[in-house]
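[1] Sequence first, then the predicted structure:
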Amino acid sequence: MEFIPIDFSPEHQIWARESMTRLELALESASDDSQSSQRQFELPPPDEPIASLLFAELLLAIPNLHERLSGPDSVIPDSVAPDHGDTHGAGDVVGGDVVGGDVVGGERVKAIAEQTLSLIAQWFVDLIRSASISFDEQGNRLVQLLTAQKASTLYMMFLGKGFRHCEGRLLQAILSCSEPKAVRVGVDLLVDHPPRDWTDTSLAITALVQTDKWNVSDVFPRLLDSTNPAVLSPALDLANLLVRERGANPHPAASRFDSLLTLLGGVTQQLASMEENPRRFSNSVAEIQKILFNSVSLVVSLCDFFALSGDSRAIGKLTQALDLSHRRIKVEAAFALAKLGEERARDLLLEMVSDDASRPRILAYAHELGIDERIDPQWLSSLAKAKSDLALWLSQPDQFSIPPHHLELVEQRTLVWPGFDGPQECFLIRFEYYLGETTHSNIGFSGPFSQAFSLDLNHLSPDRCFEIFLAHDVEDPSEARYRWDRIPSFAAREANRLAEELSGQGFQEIQGLAYCEFLGHRAALCAALDSQGVPQVVAWDGEMTLTATPSPSAVDLLHLQWKGYHCMDALTLE
């Protein structure tokens, strides 16, 4: 695709060239190992999104752009799973706006490139969304086609280089266009050159979900030509959505009924074999999890398709899927069979309502089938909902990825909660995962929201647990926490005073660990020996003392307990 260049204004050219200078300086700095040469890298947004096209044009004109931005050893092997960080806790989140000085060499270059490509993609999306207002019909069409051209060039240049979510964002920019040729380009890229990660594929197809300004014939059935489950599954979800919410008729995937039915049988058989012996597919746990995730997602989407089809030819393959042990698949297959008139599937669906993670979906399906009056009231209670909410939260990919094996109520209270009108039903729920011969157990929270920490709360009282979850939810703009050796001069006197006061309470060999400020209160967290000579970690704020057995997480736990106490105290005073 070649187009007449846009006549950019002087302001556009100044911004684009200044941004290129920033990028060049950042790349030069990234190649220097000395800490003194490290620069913060930020690209200010353009005053008008159209300028992003000029920036992309200048970027693509850089000689050896691919090598300069990719950095050495940039391709991520397929066997390496994405790092989700803390699997079930609330940790510190590092933003992407500034490239830190602790990343070295090629990784710094890659971080800069990732940020640059993500920003370009976002500016492209902003441009597409504003083009119909800012330009006449011909200008809007030209802008959309130019954007698709630049985005597709960048996409192919950096495909498979491990830039986090950049592939999905660039595809999202292309598929945000309403111009048919641009949409077809995006679909072809998804089918012929799919992203490496399913999250990128989902991000791209989300662009088609968010607008109806595209022609179904430009997307289907071409998108169904993909043999990649990470593409085919969200493609089917999109087609199903068009039928369910936008009244598409016939179903966009109707012409592929026979091949999709065959596919359901093949994937079901694969999952049955995996249940018997997963090592038959790979010795890598990460690879097995990837295969399982893709297969389950595809079967779920296929079940939904056949439920909407109304075609009884699918009953046999759906019955085979129903025999699998995976709870989500059993629920989806049972619902599809029930939609096709299989009465026994309705009974099975109601039998599975006791499963915490499946319950919300089953309740919705029961309502759609008109059988919700047959559900036992215990599964409609606030406790049942709280358990379901926590089970689903724990099932998220950035948590445990699977629901817990057991949930039990620890404490239920009605509490005033910041940000919510009126008292809220709050629950502490113990969850357990059975991992071979070991069991992982902790206390989670459900009510206004659901959450759990990596910090072990099993030994704490319900009072302390509620306070900890409250503390994590409350924001105080003036909150601060400093390591003892990095306490600023204006706070050092107060920190030392609090630490010295601990000796008057019988503590010895006091060593400062951290100094904290929250809701107008100040506390010193210290390591010390108590009056019996037992090592403790102590929090003291001049009013109350909290102690914990020394451990790698003791300071974090005490900090949350201390904050929680003052949060609850503040709510009580209100």
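    Looks like it came in fine.
[2] Not counting its neighbours along the chain, what's nearest residue 330?
    Take residue 330 and drop its neighbours on the chain: the residue closest to it by Cβ to Cβ, 6 or more residues apart in numbering is residue 322, 6.0 Å away. Backbone N, C-alpha and C define where each C-beta goes, glycine included.
[3] tell me the contacts of that neighbour?
    Contact partners of residue 322, counting by Cβ atoms under 8 Å, 6 or more residues apart in numbering, are 329-330, 333-334, 337, 345, 348.
[4] do that again at 7 Å, thanks
    When the contact criterion is Cβ atoms under 7 Å, 6 or more residues apart in numbering, the partners of residue 322 are 330, 333-334, 337.
[5] Would you write a PyMOL line that selects the buried entries of those residues?
    Selection of buried members from the contacts of residue 322 for PyMOL, criterion 16 or more other Cβ atoms under 10 Å:
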select buried, resi 330+333+334+337
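[6] which one of the contacts of residue 322 sits closest to residue 317?
    residue 333 (9.2 Å; Cβ to Cβ).
[7] ok, back up a step: what about the residue nearest to residue 330, distance to residue 268?
    To residue 268, residue 322 is 9 Å away according to Cβ to Cβ, to the nearest Å.
[8] do the same with residue 40
    In terms of Cβ to Cβ, residue 40 sits 52 Å off from residue 268.
[9] coming back round to it: which among the contacts of residue 322 gets closest to residue 135?
    Using Cβ to Cβ, the contacts of residue 322 come closest to residue 135 at residue 333, 49.0 Å.
[10] Report the separation between the closest one and residue 297.
    Distance of residue 333 to residue 297, computed by Cβ to Cβ: 14 Å.
[11] Repeat that for residue 141.
    The gap separating residue 141 from residue 297 is 36 Å, by Cβ to Cβ.
[12] Spit out the contact partners of the closest residue in space to residue 478 that isn't next to it in sequence.
    Here the nearest residue to residue 478 in space, its sequence neighbours aside, is residue 517; by Cβ to Cβ, 6+ apart that works out to 6.6 Å. Contacts for residue 517 (Cβ under 7 Å, 6+ apart) come out as 478-480.
[13] nearest to residue 399, of those residues?
    When the contacts of residue 517 are compared against residue 399 (criterion: Cβ to Cβ), the nearest one is residue 479, at 25.2 Å.
[14] what sits against the closest one?
    Listed by Cβ under 7 Å, 6+ apart, the contact partners of residue 479 are 517-518.
[15] helix/strand/coil for the nearest residue to residue 382 once chain neighbours are set aside?
    Leaving aside its chain neighbours, residue 382 sits nearest to residue 425 (5.1 Å; criterion: Cβ to Cβ, 6+ apart). Here residue 425 is recorded as strand under DSSP: H, G, I helix; E, B strand; the rest coil.
[16] hang on, residue 425 packs against residue 416?
    No. In this structure residue 425 lies outside contact range of residue 416 using Cβ atoms under 7 Å: 11.8 Å.
[17] buried set for stretch 351-369?
    353, 355-359, 361-363, 365-366, 369.
[18] Actually, stretch 19-28.
    19-20, 22-23, 26-27.
[19] How about stretch 323-342?
    Across stretch 323-342, burial judged by 16+ other Cβ under 10 Å covers 324, 326, 328-340, 342.
[20] Just checking the distance from it to the centre of its chain.
    Averaging C-alpha positions (Cα atoms, centre = their mean, to the nearest Å) puts stretch 323-342 27 Å from its chain's average.
[21] what does that stretch rub up against?
    Contacts for stretch 323-342 (Cβ under 7 Å, 6+ apart): 268, 271-272, 275, 296, 299-300, 303-304, 306-307, 312, 314-315, 318-319, 321-322, 345-346, 348-349, 352, 355, 358, 361-362, 365, 369.
[22] cutoff 8 Å now
    Contacts to stretch 323-342, defined as Cβ under 8 Å, 6+ apart, come from residues 268, 271-272, 275, 296, 299-300, 303-304, 306-308, 310-312, 314-315, 318-319, 321-322, 344-346, 348-349, 352, 355, 357-358, 361-362, 365, 369, 403.
[23] With stretch 414-424 instead?
    425-426, 447-448, 466, 470, 473-474, 571, 574.
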